[in-house]
Every structure is written in C-alpha cells, then in structure tokens.
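*Asks:* Next input, structure requested:
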Amino acid sequence: LSQGMGRAVFVDSSVDACRTIAANLEHCGLRDRGTVVRERAEVFFSRPDAVLARLGKPCFDLVTITPPYEEVDYGELLNAVATSESLVGDGSLVVVEYPVELGSLPAAVGSRLKGL
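*Replies:* Numbers count the residues shown, from 1 in each chain. The predicted model follows:
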C-alpha cells in the first residue's frame, strides 16, 4: 500500500497476526485501503467472492503467498490457487515465497499457474 497499490486484502489464520495487521493499517492511515480476513489461506482461496464483491473486482491483480514454511503443504496451497474460480484471472500475478530447501516449485500447477 505504501508503494502505490490501491487496496490490499490480508489473509491470516492467526488472531494475533490479524490484530497486528489491523493496528498497522490504522497507524499508517491506511485502514480504508486494507481488509483483514482471519481464515486459512486455502479456505479463502476457495471462496474469495464476498471480498471481491466488496472491492468491485472480478479477481485479484496480485496474490502474494508467504506461508509459515513448516506448516503448509505447498501442493495443496498452489492447487487451491489454481482451481479457484475467481481468485485469479488472465493477467493476475501470483508470487509464492518458499524455503530454498524445497528445491523448486513445479513449473506449472494445473493449466493456470506457470512458473518463471
């Protein structure tokens, strides 16, 4: 948001993390440009429609994924993104942070996500 993004949706399953995000938005004067959703990312990815409707958007332009490394199944997570009906569309960019110990992510997930 501080770098020019119009709006952002922050999804986290931790109550403490969501409180911190909301407090940071308030502190930075960005509360009206940020939405905080307390939910597991995989669940949110499967049904983002209510948030997208509030934003007046058909899909997200940018999705960044920075999960807790040891607590996530990357295959399940990326499959949730690739199979979502409305999370991403043509021209959407998905950025995934993952530990180098995994080697590399697959070059493609389904027919929708292509690695660089």
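*Asks:* Next, count neighbours for the nearest residue to Ile65 once chain neighbours are set aside.
*Replies:* Computed as C-beta to C-beta, 6 or more residues apart in numbering, the closest residue to Ile65 that is not its neighbour in sequence is Val96, at 4.6 Å. For every residue, glycine as well, the C-beta is placed using N, CA and C. The local packing count at Val96 equals 17, with neighbours defined by other C-beta atoms under 10 Å.
*Asks:* Now do the buried residues in stretch 7-16.
*Replies:* In terms of neighbour count (16 or more other C-beta atoms under 10 Å), stretch 7-16 has its buried residues at Arg7, Ala8, Val9, Phe10, Val11, Asp12, Ser13.
*Asks:* Have a look at the chain and report the helix or strand with the lowest mean pLDDT.
*Replies:* Least confident helix or strand, the chain: strand 113-114 with a mean of 58, by mean pLDDT, DSSP states H and E.
*Asks:* Report the buried residues of the longest helix along the chain.
*Replies:* When the chain is parsed with DSSP state H, its longest helix is helix 15-27. Within helix 15-27, the residues scored as buried using 16+ other C-beta under 10 Å are Cys18, Ile21, Ala22, Leu25.
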